[in-house]
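**Q** Predicted coordinates and the sequence they were generated for:
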Amino acid sequence: MPVTRTNTKRWIGLCDLCGWNTNVEAMAVYAELKLAHHMKYEHNRALTIRTPHRKGQPMAVKQADNELPDQEGLVKLSDYAGQLVVFDQGKAAQDSSSYGTSDTVHADLWTYNPDHDQADKNGWVAVGTVIVWFKTVQKQIMEALPDQLGGILVKGTDRNVNEWAVTPVPRGAKALATALTTWDPSF
């Protein structure tokens, strides 16, 4: 248990990964919140946080949710992980979700799949407009304007294992590099 009670009937949070500890706190919830903050920003890990309860009731446990908000009928960008994609006509926007209002980018998404039944003659499929919640991908799309952003959509970078980014086509994938040059927005 990362939060333990001391002999003085106070609470302290201990990080199992690096040995860091919180100050001695009067309530377990304070120690848990400080430890959760440390785990998120130092180790990029979510911590299960116990919510306060009334006397005589069992302790409720709330699991930290790392999922993105539902896109209400639109496609999820994470479904295209590892695929060759092109983002076109990106526009900065703000969208509301259960997490509050957040800066987003609305862009037209194209994927390369020559076997898809709706693919054009070059193998590109028009997915439609997507809401981009991933901050790094948002930045890449906006920096590429007025041009399109093309590459492989991946999760995990050198900086952060949970970060999404569009990476260049690898050198050995000549077929994908050729496909990227055949993309035509007129389809």
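**A** Cool, got the structure. Since we're looking at a predicted model, the values are computed, not measured.
**Q** Could you check the pLDDT of residue 52?
**A** On the pLDDT scale, residue 52 is placed at 51.
**Q** my bad, should have said residue 66
**A** pLDDT, residue 66: 51.
**Q** and if you look at residue 112?
**A** So, for residue 112, pLDDT stands at 88.
**Q** Please list all residues in contact with it.
**A** Residues near residue 112 by Cβ atoms under 8 Å, 6 or more residues apart in numbering: 83-85, 123-125, 176, 179-180, 183. Backbone N, C-alpha and C define where each C-beta goes, glycine included.
**Q** Now with 7 Å, please.
**A** 83-84, 123-124, 176, 179 (Cβ atoms under 7 Å, 6 or more residues apart in numbering).
**Q** Ok, residue 14 next?
**A** Counted by Cβ under 7 Å, 6+ apart, residue 14 has contacts 2, 4, 21.
**Q** do the same with residue 6
**A** Here residue 6 is in contact with 12, 24 (criterion: Cβ under 7 Å, 6+ apart).
**Q** mind running it again at 6 Å?
**A** residue 12 (Cβ atoms under 6 Å, 6 or more residues apart in numbering).
**Q** what's the answer for the one 5 residues further on, then?
**A** Contact analysis of residue 11 by Cβ under 6 Å, 6+ apart lists 3, 5, 25, 28, 31.
**Q** Most neighbours out of those, which is it?
**A** Sorting these by how many neighbours each has (other Cβ atoms under 10 Å) puts residue 31 first, at 24 neighbours.
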